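S.K.: This is the structure alone, sequence omitted:
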């Protein structure tokens with residue numbers, strides 16, 4: 001057997017075992033497990049430093065300004081094309 005076949009077989013068995021484990025757990029047990037996993041993931045969160053936070057803020061602000069400019073330019077372009085095709089506005 002190749003290693004790929006072994007990996008596929010092992011993955012298939014893991015999926016079947018996971019389905020069996022889910023069937024065994026009660027509705028309440030699954031909720032408790034979910035909450036434990038959420039708390040575990042929240043413990044991994046790292047608060048950014050002031051320097052990082054300012055940097056993130058400036059990057060987002062620059063991106064928003066660029067996107068606003070792009071949308072404004074496209075609006076002006078399409079307005080000009082519409083005016084050219086259909087004549088002067090009422």
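M.R.: Yep, that arrived. Given the structure is predicted, the values throughout are model-derived calculations rather than measurements.
S.K.: now the helices: where do they sit in the chain?
M.R.: Ranges of helices in the chain, per DSSP state H, are 3-24, 27-43, 50-86.
S.K.: how about CSV for the ones you listed, with mean neighbour count added?
M.R.: All C-beta spots, glycine's among them, are computed from the backbone N, C-alpha and C. Shown next, in CSV, are these (neighbours: other C-beta atoms under 10 Å):
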stretch, mean neighbour count
helix 3-24, 10
helix 27-43, 10
helix 50-86, 10
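S.K.: how much space between residue 49 and residue 36?
M.R.: 29 Å (C-beta to C-beta, to the nearest Å).
S.K.: who touches residue 65 in this structure?
M.R.: Contact analysis of residue 65 by C-beta atoms under 8 Å, 6 or more residues apart in numbering lists nothing.
S.K.: pLDDT value on it, please?
M.R.: pLDDT, residue 65: 99.
S.K.: Also the one 5 residues further on?
M.R.: Per-residue confidence (pLDDT) for residue 70: 99.
S.K.: Please tell me how far it sits from residue 50.
M.R.: Taking C-beta to C-beta as the measure, residue 70 falls 31 Å from residue 50.
S.K.: from the chain's centre, how far out does stretch 36-45 sit?
M.R.: Distance of stretch 36-45 from its chain centroid, counting by C-alpha atoms, centre = their mean, to the nearest Å, is 18 Å.
S.K.: now do stretch 33-41
M.R.: 19 Å.
S.K.: List the contacts of that stretch.
M.R.: Identification of contacts with stretch 33-41 by C-beta under 8 Å, 6+ apart yields residue 25.
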